[in-house]
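1. Predicted model, plus sequence, below.
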Amino acid sequence: MSNINVRQQAISTIANAKHKLDRINFRGNQLKDLFGKNVFNEAVQREMLPKPVFRALQKTIKQGAPLDPAIADAVANAMKDWALERGATHFTHLFQPMTGLTAEKHDSFLSPTSEGRAIAEFSGKELIKGEPDASSFPSGGIRATFEARGYTAWDPTSPAYILENPNGSTLVIPTAFVSWTGEALDKKTPLLRSMEVLSTQALRILRLFGNKEAKKVFTTVGPEQEYFLIDKNFVYARPDLINAGRTLFGAPPPKGQELEDQYFGAIPERVLAYMAEVEAELFKLGVPVKTRHNEVAPSQYEIAPIFEDSNLATDHNQLLMEVMRKTADKYGLVCLFHEKPFARINGSGKHNNWSMSTDTGENLLNPGDTPHDNAQFLVFCVAVIRAVAKYPELLRVSVASAANDHRLGANEAPPAIISIFLGDQLQDIIDQLEQGQPKSTKHGGFMEIGVSVLPKLPKDAGDRNRTSPFAFTGNKFEFRAVGGSQSIAGPNTVLNTIVAESLDYIATELEKAVKGGKDLNKAIQELLPSIIKESKKVLFNGDGYSEEWHKEAERRGLPNLRTTVDALPIVIQKSTIELFSKYKVYSERELQSRFNILCEHYVKTVMVEAKLTAMMAKTMILPASLRHEGELANVVANLKAAGVEPGAALTELQTCMALVKDLQSAIAGLDKSLEHHAEGGPYDHAKYARDHILPAMEAVRSAADKLETVVADDLWPLPTYREMLFIK
């Protein structure tokens, strides 16, 4: 079968496909009954565990008390009975290695007996610790390849759940993953450490304000997830989407997103059915998804959950992506999370809405009705401002990847310059605070709609700013730079740690002042203005896309780390090592390993894409172009033989020949860059990939995309943007 037949057949198959869309009966399955159905949650634990065991487990989950190993057997037995009732045949320790994905090894509950029979067993030892082979996971030099031992450790703060499969189900136990020497091999362990550190420092502030009830402070996250849905017939005809998750070729479609008719538009029927099933499955797993809508680009959508503590939100986001991928296939779709699957089309982020809350339910970033009177809020808010101003490079490197480089800085996502948007009301308060005690608060009032039948709408005291990478949005900060395919564990580990350092600094200064006999409010009024003066360079309420801002940011001394390769050295610089070592979130050895892993991942990503680019150009695009050139040459020859001036045909032939020559030259340049091997370590290889391989790939793409606009449509081998984005 020829390439053209593959492309034509894809369109024909999509046009004639009939998908079963009524897979979920929401009349027979009420949402309230679905939610948490497959989760070993607090209600299930209360019902199935002895009271002393239940209380001990809840104390660990809610207050961070050390886990009592003595209760493990009772919990394991109850978990096993609950899972078997729901058809589980196996259990697995789910962990998050440095691949950014999840990993699992399934073990059967079955244990043979001496009589030739079998019983179902699951011990406390099996619950608490697993031992998957760690040899093939990225370690960045923490251990040699032949050193295979790694351990998974039960994380009781993230509840176990049942993952339903067509044949039997699996009990899934979220865990941390560490090496034989105790170093973190995953993304969860540092996140848990950072949450502990922030809680410790935040409680010091709360104690100064007389709060003796709170036992723990959680960081909470609500990650909005953007994604594309493309018909799988198109994806299977595109080697780049199959292997790289993004298109390496594709001319701009005549219509893209410029009419702005996709955003919040009516959701296509097949997509809506898919969303409904995804939500039903996530509800069963206790994932509190709330919002769904069309996003900016054609065939782009968003799903967003309600806030949860950072650890659980991270686990749930990984679970969400897995459920979305699996469910898409049932509807003949492929779900793409890549930050930039289509060039010049809106990319996909994962807006990380972050806040701090006590175990008693108090949101520490909620200003209240009069934020100028809310000293506690101002302390926590200024701590965040100081953290971002002091460590902007760390926030930048926390979202660094080859994929996210395609998105950051475009007019669709925040720039690589880290700044904070506070909005009119809070900015006014901070400005007043810098000069002394704030005395007034800007209020929003009401908006006049101009339609008599509509009520007056309460007006917020400030607008939102989609160009800011770090924006205050009422009772939280939205870190908008996180990439669509990225685990949120890394960005939140950094965010928790740098805010903990600021809280530590502020608590130390205030404790010293109060111990010296100074009134707390007086001490706050003296301390915060100096912090604001030092940190205000990071505050910016304007257009982050503008050239003026880039110049202003440079004048202020804000770093502009445009690429991942620019940002990577931040991981192992002295101040980073000192910060994370001080709070025991990462050791120096663990940071060095992350640096190596990030460098290697960048290089591998670029190399996969470069090899794909060369292969597709040589085996698909160049042959199609030569066929077109041959057909044009025949037309020119026939016209000349007939005594007719070839005219337009000759012009078209000359144009095609020039573009084919450009393509062949670009392919040769890419081959040459791939044959060369950079000297030095992982970072040198990353620099070479950025400076030589990426430009060579872009040259091939540029020539190929021009050819797409002149080669006969019936010869072009790849599904085009105009087809993939608009044929649903």
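-> Received, thanks. Numbering: from 1, shown residues only.
2. F264: what secondary structure?
-> In terms of secondary structure, F264 is coil; the call rests on DSSP: H, G, I helix; E, B strand; the rest coil.
3. Does it touch R292 like I think?
-> No - with contact defined as CB atoms under 8 Å, F264 does not count as touching R292 (10.8 Å). Just so you know, the C-beta spots here come from the backbone N, C-alpha and C atoms, and that holds for glycine as well.
4. okay, those two: which has more neighbours?
-> R292 (16 against 12; other CB atoms under 10 Å).
5. ok, that one - contacts?
-> 267, 275, 279, 301-304 (CB atoms under 8 Å, 6 or more residues apart in numbering).
6. What is the burial count for V296?
-> Taking other CB under 10 Å as the criterion, the count of residues near V296 is 16.
7. hang on, it packs against N346?
-> Yes - at 4.2 Å, V296 and N346 qualify as touching, with contact defined as CB under 8 Å.
8. Stretch 335-346: how far from the chain's middle?
-> Computed by CA atoms, centre = their mean, to the nearest Å, the separation of stretch 335-346 from the middle of its chain amounts to 13 Å.
9. for stretch 394-406, how far is the first residue from the last?
-> Separation of the first and last residues of stretch 394-406 by CA to CA, to the nearest Å is 19 Å.
10. Can you list the buried residues in that stretch?
-> Applying a neighbour-count criterion of 16 or more other CB atoms under 10 Å, the buried positions in stretch 394-406 are 394-406.
11. now stretch 37-46
-> Within stretch 37-46, the residues that qualify as buried by neighbour count (16+ other CB under 10 Å) are 37-40, 44-45.
12. Make TSV from the residues you listed and add pLDDT and secondary structure to it.
-> Written out in TSV, the entries for the buried residues of stretch 37-46 read as follows (pLDDT from 0 to 100; DSSP: H, G, I helix; E, B strand; the rest coil):
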residue	pLDDT	secondary structure
K37	93	coil
N38	95	coil
V39	96	strand
F40	95	coil
V44	94	helix
Q45	94	helix
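13. can you pull out the strands in the stretch 101-250 of the chain?
-> Counting by DSSP state E, counting those that start in this stretch, the segments of the stretch 101-250 of the chain that form strands are 106-108, 110-112, 118-120, 129-130, 150-154, 161-164, 169-179, 217-223, 225-231.
14. Can you name every helix or strand that the longest one contacts?
-> In other words, strand 169-179. Strand 169-179 makes packing contacts with helix 72-85, strand 88-94, strand 150-154, strand 161-164, helix 188-208 when contacts are defined by 3 or more CB pairs under 8 Å, 6 or more residues apart in numbering; DSSP states H and E.
15. about what we covered before: can you tell which of the strands of the stretch 101-250 of the chain is closest to L520?
-> Comparing those by their distance to L520 (CB to CB), the top pick is strand 217-223, with 18.8 Å.
16. Tell me which stretches of the stretch 401-550 of the chain form helices.
-> Listed from the start of the chain, the stretch 401-550 of the chain has helices (DSSP state H, counting those that start in this stretch) covering 402-405, 423-435, 489-515, 520-535, 547-556.
17. and these, which is most packed in?
-> Among the helices of the stretch 401-550 of the chain, ranked by average contacts under mean count of other CB atoms under 10 Å, first place goes to helix 402-405 (a mean of 25).
18. How about residues contacting that one?
-> The contact list for helix 402-405, computed with CB under 8 Å, 6+ apart, reads 245-246, 338-340, 481, 483, 485-486, 563-564, 601-602, 605-606.
19. Nearest to W154 among the buried residues of stretch 37-46?
-> Proximity to W154 was ranked across these by CB to CB; first place goes to F40, at 11.8 Å.
20. Looks like the closest one contacts W154 (just checking).
-> No - counting by CB under 8 Å, F40 sits too far from W154 to count as a contact (11.8 Å).
21. Same list (the buried residues of stretch 394-406) but as CSV, adding pLDDT.
-> Below are these laid out as CSV (pLDDT from 0 to 100):
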residue, pLDDT
L394, 97
L395, 96
R396, 96
V397, 96
S398, 96
V399, 95
A400, 95
S401, 95
A402, 95
A403, 95
N404, 94
D405, 93
H406, 92
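22. re earlier: ok, which of the helices of the stretch 401-550 of the chain comes nearest Y161?
-> Y161 sits nearest to helix 489-515 of all the helices of the stretch 401-550 of the chain, at 18.5 Å, using CB to CB.
23. tell me what that closest one is packed against?
-> Helices and strands touching helix 489-515, by 3+ CB pairs under 8 Å, 6+ apart, are helix 188-208, strand 217-223, helix 310-330, strand 352-358, helix 375-390, helix 392-398, helix 520-535, helix 574-582.
24. Export the helices and strands packed on strand 169-179 to JSON lines and append columns for mean neighbour count.
-> Conversion of the helices and strands packed on strand 169-179 to JSON lines gives the following (neighbours: other CB atoms under 10 Å):
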{"stretch": "helix 72-85", "mean neighbour count": "19"}
{"stretch": "strand 88-94", "mean neighbour count": "23"}
{"stretch": "strand 150-154", "mean neighbour count": "22"}
{"stretch": "strand 161-164", "mean neighbour count": "21"}
{"stretch": "helix 188-208", "mean neighbour count": "22"}
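25. rank these by pLDDT, which is bottom?
-> In terms of mean pLDDT, the lowest-scoring of the helices and strands packed on strand 169-179 is strand 150-154 (a mean of 86).
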